[in-house]
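1. Need the 3D shape of this:
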Amino acid sequence: MRADLRLYALVDPERAAGWALADLARRVGEGGATLVQLRDKKAGTREMVKHARAIQAALAPSRVPFVVNDRVDVALAAGAAGVHVGQDDMAPADARRLLGPEAIVGLSLKTVAQARAAPLELLSYVAIGGVFATVSKDNPDPPIGLDGLKSIAAAVRGRAPGFPICAIAGIAETNAADVIAAGADGIAVISALSFAPEPGQAAAKLRAIVDKALQKRGAA
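-> Residues are numbered from 1 along each chain as shown. This is a model prediction of the structure:
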């Protein structure tokens with residue numbers, strides 16, 4: 001399944017700002033998110049499945065696809081559209097084998113070497129980052145910046161022109177257009193939505209910025 005990455009909203013209980021995860025997902029979905037991910041590095045399996053099912057139900061009216069970070073078992077149990085995996089998580093080939101050919105399977109990339117090695121034929125998209133500094137995730141590596149994003153995106157598209165790419169980390173209204181201009185098809189965001197006074201309105205603003213930047217780049 002091809003993924004629409006224009007506004008990729010991550011919901012994380014560690015960064016939910018008091019919102020119930022399902023309510024947060026519903027609000028950003030109604031506001032214009034095109035893909036939603038549950039990222040939870042601490043919950044037990046049963047709790048995570050419970051949250052995933054609630055998010056899936058909350059997104060059903062808006063038909064926004066829902067994926068789970070890392071946990072293929074949780075994605076299967078909740079009936080999610082797919083998973084996002086990192087370099088140290090389950091291999092994309094195994095995730096694809098378990099979830100089937102129609103599932104969304106995304107992969108994190110941080111370097112040009114990883115871009116050259118990624119099994120693009122098995123993936124729905126790649127997420128490049130962290131682009132900017134962020135407090136939403138423990139990351140020992142320095143930000144790659146816009147130049148790093150451009151280099152990694154070029155390595156991906158040199159292998160597969162038009163392959164879907166999103167950028168992640170530290171992205172907000174002030175720099176979202178720059179990220180699109182650098183080659184991303186969309187933005188993955190957490191705090192810019194969950195810490196806004198009204199996440200749905202924040203989603204609408206970010207989506208408008210991304211859509212305008214894509215039109216300016218000629219990629220819409």
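
2. Tell me who's in contact with residue 22.
-> 51, 54-55, 57-58 (Cβ atoms under 8 Å, 6 or more residues apart in numbering). (Each C-beta comes from the backbone N, C-alpha and C, glycine too.)

3. and it, that's in a helix?
-> Yes. Assessed with DSSP: H, G, I helix; E, B strand; the rest coil, residue 22 lies in a helix.

4. for the chain, which helix is longest?
-> helix 199-217 (DSSP state H).

5. And the average pLDDT for that one is what?
-> In this model, helix 199-217 has a mean pLDDT of 97.

6. Could you pull up the residues touching residue 39?
-> Contacts of residue 39 by Cβ under 8 Å, 6+ apart are 10-12, 69, 190.

7. er, residue 29 actually
-> Contact partners of residue 29, counting by Cβ under 8 Å, 6+ apart, are 9, 36, 58-59, 62, 64, 203.

8. what's the spacing between it and residue 130?
-> 24 Å (Cβ to Cβ, to the nearest Å).

9. Per-residue pLDDT of residue 167, please?
-> The predicted local confidence for residue 167 is 98.

10. so it, which of the three states?
-> Classified using three-state DSSP, residue 167 is strand.

11. Look up the residues forming beta bridges with it.
-> Taking DSSP bridges, one obtains residue 128, residue 187 as the residues bridged to residue 167.

12. residues touching the residue nearest to residue 179 when sequence neighbours are not counted, list them.
-> In space, and not counting its chain neighbours, residue 179 is closest to residue 167: 4.6 Å by Cβ to Cβ, 6 or more residues apart in numbering. Contact analysis of residue 167 by Cβ under 8 Å, 6+ apart lists 127-129, 131, 149, 179, 182, 184, 186-188.

13. Check residue 141 too.
-> Counting by Cβ under 8 Å, 6+ apart, residue 141 has contacts 110, 130.

14. so how far is residue 73 from the residue of the chain positioned farthest from its centre?
-> Largest separation from the mean C-alpha position in the chain: residue 46, at 23.0 Å (Cα atoms, centre = their mean). Distance of residue 46 to residue 73, given as Cβ to Cβ: 11 Å.

15. go on, residue 52?
-> For residue 52 relative to residue 73 (Cβ to Cβ), the value is 10 Å.

16. ok, now residue 23?
-> To residue 73, residue 23 is 25 Å away according to Cβ to Cβ.

17. Check residue 21 too.
-> Counting by Cβ to Cβ, the gap from residue 21 to residue 73 is 18 Å.

18. can you check residue 151 too?
-> 35 Å.

19. got it, and residue 216?
-> Counting by Cβ to Cβ, the gap from residue 216 to residue 73 is 41 Å.

20. who has more neighbours, the two?
-> residue 73 (15 against 12; other Cβ atoms under 10 Å).

21. host element of that one?
-> Secondary structure from DSSP states H and E places residue 73 in helix 72-78.

22. Describe which strands the helix or strand following that helix pairs with in its sheet and in which direction.
-> Where DSSP H and E defines the elements, the next helix or strand beyond helix 72-78 is strand 82-85. Sheet pairing here is set by DSSP bridges, and for strand 82-85 it gives strand 66-69 (parallel), strand 104-109 (parallel).
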